[in-house]
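Need a 3D model of the following:
(one chain, ligands or ions: 2)
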Amino acid sequence: MSQQIYTFKTIVVGPAAVGKSSLIRRFVENKFSLNYKFTIGVDFMSKSIDFETGKSAKLTLWDIGGQDRFKVLRRSFYEGTNGAIGVFDLSRAQTFSKMKEWVSDARQTIETDFPVIIIGNKSDLIADVGVVIDRNEVKQFAEKEKTIYIETSAKTGDNVEEAFLELTKRMIKECS
Ligand code: GDP
Ligand code: MG
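Ligands and ions are numbered 1, 2, ... in the order given. I've put the predicted structure just below:
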């Protein structure tokens, strides 16, 4: 059986400090740090995933500084996108509507359709801060985007790999 190799550009979008860089780092290097390192402009990392089916996918993960002033970079940032992850912070309710703006901005800028996964990150903090978002509202948004909502923790690693794998499967489906 011949090996099928895909290369996918995946963008990770959402407001500042929701854990975009941390999720990528957890997925690629299986590491986490609580020290906040501001992402300036755009950052990249890549990781290959092998599927038992003889398929493998190389993801280039594009991480944009969530600050609005970097929105000017977005055209080149979005170019050639195959899939997206929209991230908000489960401990800060206002990050959900900001994440929605980033996703709709990407939809408006990118001419082709692409799969997206919605992530509520920092699930490890729920035990301390409680549930500050309306999960039904998040699920409704995910349904509108024909996708799923996953709660992750870049700190503990919970559901991180699952989220990236789910997106990868959807990107593969999109090209077959
Ligand atoms: P970005 O601006 O969206 O790239 O966010 P960062 O990845 O830089 O993370 C912002 C801050 O939140 C950092 O101090 C991280 O250590 C912290 N952080 C990220 N993910 C998690 C998580 O899942 N749980 C907790 N408790 N903190 C997190
Ligand atoms: Mg960052």
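
Could you give the backbone dihedrals for the closest residue to V18 other than its chain neighbours?
Nearest residue to V18, sequence neighbours excluded (CB to CB, 6 or more residues apart in numbering): D89, at 4.2 Å. Just so you know, the C-beta spots here come from the backbone N, C-alpha and C atoms, and that holds for glycine as well. Note on D89: its backbone torsions stand at phi -110, psi 120 [degrees, to the nearest 10].

How many residues are close by D89?
By other CB atoms under 10 Å, 24 other residues sit near D89.

separation between it and T152?
Distance of D89 to T152, given as CB to CB, to the nearest Å: 11 Å.

Which neighbours do these two have in common?
120-121 (CB atoms under 8 Å, 6 or more residues apart in numbering).

which bits of this protein sit near ligand 2?
20-21, 39 (CB under 5 Å from the ion).

what about 6 Å?
20-21, 39, 63 (CB under 6 Å from the ion).

hang on, the earlier thing: pairing partners for the residue nearest to V18 in the sheet, please.
N121 (DSSP bridges).
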